[in-house]
Structure formats: structure tokens, C-alpha cells
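[1] my questions concern the predicted model and sequence given below.
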Amino acid sequence: MAKITYIEHNGTRHEVDVKPGMTVMEGARDNGIPGIDADCGGACACSTCHVYVDPAWVDQLPPKDPMEEDMLDFAYQPDPERSRLTCQIKVTEALDGLVVQLPERQI
């Protein structure tokens, strides 16, 4: 299991265990984390699972593919360096300790 910390916009922290092979979005959905809507169910067809990756983790994640880059254009206040779609981040043991912050809202 990898421990992932989701921080709501108001500062509320949720530390949950997520099985390797799942996505960071599925970890949030399965653990009832508020603020990740995942309207498309993880198909990278919306931007409602947008988060800001903690700066310490940005370079440890696989790079964004072109589809994710395109969808991030529709996210609420995307950050060119830190914004990611959680449906595109596969959980591995190496992501144990990952911290992501949720935007004020999803659009």
C-alpha cells in the first residue's frame, strides 16, 4: 500500500492507503475524499480530478502525456508545474507519502 495525503482547499488533510495499480483518483473516490469529482470516471475526458502536486513530488511522477496536458487547460486555475489529473497517476510503492492539494473547486 502507498499512503497518499489529500489536502482539501480549506486545509483538511486526509491520509489514506491506496493499493498499487489503482490511480490517485480511484484512491480518493474509494475513500470518500471530497473535492475530487471524477465526472468521467477516469477516462481523462474532463478535468474534475485536478490537483496540485506537492512541490517535493513533482519530479518523482511520470511526465504528463499530451491528452492530460490538453485536459488541464480546462481545469480551475491550473499551475503549469504542479497541476495533474489524478486519473492519470498510477499508484506504485514509490509513491508512498505522495501529497496532493485540491483546488478551490473543480470545473
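    Ah, there it is. Numbers count the residues shown, from 1 in each chain.
[2] show me what contacts the residue nearest the centre of the chain?
    In the chain, the C-alpha nearest the mean C-alpha coordinate belongs to residue 86, at 3.0 Å (Cα atoms, centre = their mean). Residue 86 makes contact with 23-25, 27-28, 36, 38, 49-51, 100, according to Cβ atoms under 8 Å, 6 or more residues apart in numbering. C-beta here means a position set from N, CA and C on the backbone, and glycine is covered the same way.
[3] among these, which are in strands?
    Using DSSP state E, the members of the contacts of residue 86 that fall in strands are 50-51, 100.
[4] ok, the contacts of residue 86 vs residue 106, which is closest?
    Residue 106 lies nearest to residue 50 out of the contacts of residue 86, by Cβ to Cβ, at 6.2 Å.
[5] and the closest residue in space to residue 81 that isn't next to it in sequence, what's its pLDDT?
    Closest residue in space to residue 81, ignoring its immediate chain neighbours: residue 58 at 6.0 Å, by Cβ to Cβ, 6 or more residues apart in numbering. Here, the pLDDT recorded for residue 58 equals 98.
[6] verify the stated contact: residue 58 with residue 82.
    Yes - counting by Cβ atoms under 8 Å, residue 58 does reach residue 82; the two are 6.0 Å apart.
[7] mind listing what residue 29 touches?
    Per Cβ under 8 Å, 6+ apart, neighbours of residue 29: 36, 38.
[8] give me that answer again for 6 Å
    Listed by Cβ atoms under 6 Å, 6 or more residues apart in numbering, the contact set of residue 29 reads residue 38.
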